[in-house]
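**Student:** Below is the sequence, then the predicted model.
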Amino acid sequence: MMSDDAREPPVQSVGQSSAAGSVPVFNCHACLSTPDAEGWITARCSNLPEIVVRGKTQREALAAMVAAFKSALSRYRAAGRAIPWAESPAKPEPGEQERWIAVHL
């Protein structure tokens with residue numbers, strides 16, 4: 001039987017093997033908006049849609065994205081639940097930029 005981490009289409013563990021002591025690595029697909037009228041940038045995780053964060057800069061929004069992504073994956077894994085990955089990551093909306101982030105748990 002494959003672990004939940006090994007069967008996450010289209011997101012897969014990358015890098016290290018599942019050997020004892022290894023650190024799982026996951027791809028986070030972030031879509032970043034342009035600043036709104038108040039200067040906030042919204043970042044949404046297209047492959048784990050429950051995650052939407054904001055920041056005053058792209059760096060701030062991406063840092064919040066990584067923290068929220070790690071927190072969500074840790075909660076799912078600790079509860080023994082499958083991670084509810086999106087079937088296919090959403091494409092960026094017009095005006096959005098996309099970033100792929102390798103996240104180590």
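**Tutor:** Great, that's in hand. Predicted model only: the values in this text are computed from it and were never measured.
**Student:** where do the helices sit along this protein?
**Tutor:** Counting by DSSP state H, the chain has helices at residues 58-78.
**Student:** bridging residues for the one residue sitting closest to the centre of it?
**Tutor:** The centroid of the chain falls nearest to Cys28 when counting by Cα atoms, centre = their mean (3.1 Å). Counting by DSSP bridges, Cys28 is bridged to Ile101.
**Student:** pretty sure it contacts Val103?
**Tutor:** Yes. The pair Cys28 and Val103 qualifies as a contact (Cβ atoms under 8 Å) at a distance of 5.0 Å. (C-beta placed from N, C-alpha, C; glycine too.)
**Student:** Let's see the pLDDT reported for the residue located most distally from the centre of the chain.
**Tutor:** Most distant residue from the mean C-alpha position of the chain: Ala37, 25.8 Å away (Cα atoms, centre = their mean). Ala37 is assigned 97 on the pLDDT scale.
**Student:** if we can go back for a sec, quick check: neighbours shared by Cys28 and Val103?
**Tutor:** Counting by Cβ atoms under 8 Å, 6 or more residues apart in numbering, the contacts common to Cys28 and Val103 are Val66, Phe69.
**Student:** residues in contact with Leu48?
**Tutor:** With Cβ under 8 Å, 6+ apart, Leu48 has these contacts: Val11, Cys28, Phe69, Ala72, Leu73, Ile83, Pro84, Trp85, Ala86.
**Student:** Between those residues, which sits nearest Glu93?
**Tutor:** Ala86 (14.9 Å; Cβ to Cβ).
**Student:** Before I go, just wanted to say thanks for your time.
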